[in-house]
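> fold the stuff below for me.
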Amino acid sequence: MAKRYNPNKCKIHRSYTVEEIVDLHEVHKRTVRNWTKNGLAVYDGIRPFLILGTDLKRFLINKNKAIKHKCKMSEIYCFKCRTPQKPNLETVSFMQQENGAGRVFARCSLCDLKVNKYFSWRQLDALKSKFSQESTVSTKTHNSEGLAPPELHLQRKIK
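Predicted coordinates for the structure are as follows:
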């Protein structure tokens, strides 16, 4: 899984060696070498290799942007598929939360994993039209609260 690195750790008016970047971002030196192969600019006329702080910061910002997945209104991000997916429409349910936010619960249409998406309650009408389901007003995620426990009927085999 891809990791996000904080681009604000590096100073733009400094030059860094590979070892300094390893200490700064707590990565392996091979990771920094792979970054240089994938587009991180290096001044290699000098030994040790120097990397400008502006180049490092720009590279890390672009790397973090590439990791993000923007979901459309009708999609929910599935952690198993690792992509935005359309939910199974039979499993979609809405929940209103106290702070004016809402939450959509559903199952992924590909892998059947439980997925959810937070939204502003003002977007409910747009989401309903995309998912075409009913909404529920609740602060609980389980329907079994307040119900009596089920009775167990055990049968013995008589020989």
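> now stretch 102-115: buried residues?
Within stretch 102-115, the residues that count as buried by 16 or more other C-beta atoms under 10 Å are 102-109, 115. No exception for glycine: its C-beta is placed from N, CA and C like everyone else's.
> where does the protein have low pLDDT?
1-2, 132-159 (pLDDT under 70).
> now do 90
Flagging of the chain using pLDDT under 90 yields the residue ranges 1-5, 43-49, 64-110, 112-159.
> how about the helices in this protein?
Under the criterion DSSP state H, the chain contains helices at 18-25, 29-37, 53-67, 124-131.
> hmm, back to that, and which of the buried residues of stretch 102-115 is nearest to T83?
Nearest to T83 among the buried residues of stretch 102-115: C108, at 9.8 Å, using C-beta to C-beta.
> break this protein down into its structural domains.
Residue ranges for the domains of the chain, per automatic domain parsing: 7-67, 76-137.
> show me how far the longest one is from its chain's centre.
Distance of domain 76-137 from the chain centroid (C-alpha atoms, centre = their mean, to the nearest Å) equals 15 Å.
> and if you look at the shortest one?
Domain 7-67 sits 25 Å away from the centroid of its parent chain (C-alpha atoms, centre = their mean).
> can you pull out the strands in this structure?
For the chain, the strands defined by DSSP state E cover 15-16, 51-52, 76-78, 83-85, 93-96, 101-107, 114-120, 135-137.
> nearest to N64, out of these?
N64 lies closest to strand 76-78 among the strands of the chain, at 16.4 Å (C-beta to C-beta).
> quick revisit: which of the buried residues of stretch 102-115 sit farthest apart?
Longest span within those, C-beta to C-beta: G102 and S109, 20.9 Å.
> count of neighbours near the residue nearest to E19 when sequence neighbours are not counted?
Using C-beta to C-beta, 6 or more residues apart in numbering and skipping the chain neighbours, the partner closest in space to E19 is K29 (7.0 Å). Neighbour count of K29, defined by other C-beta atoms under 10 Å: 11.
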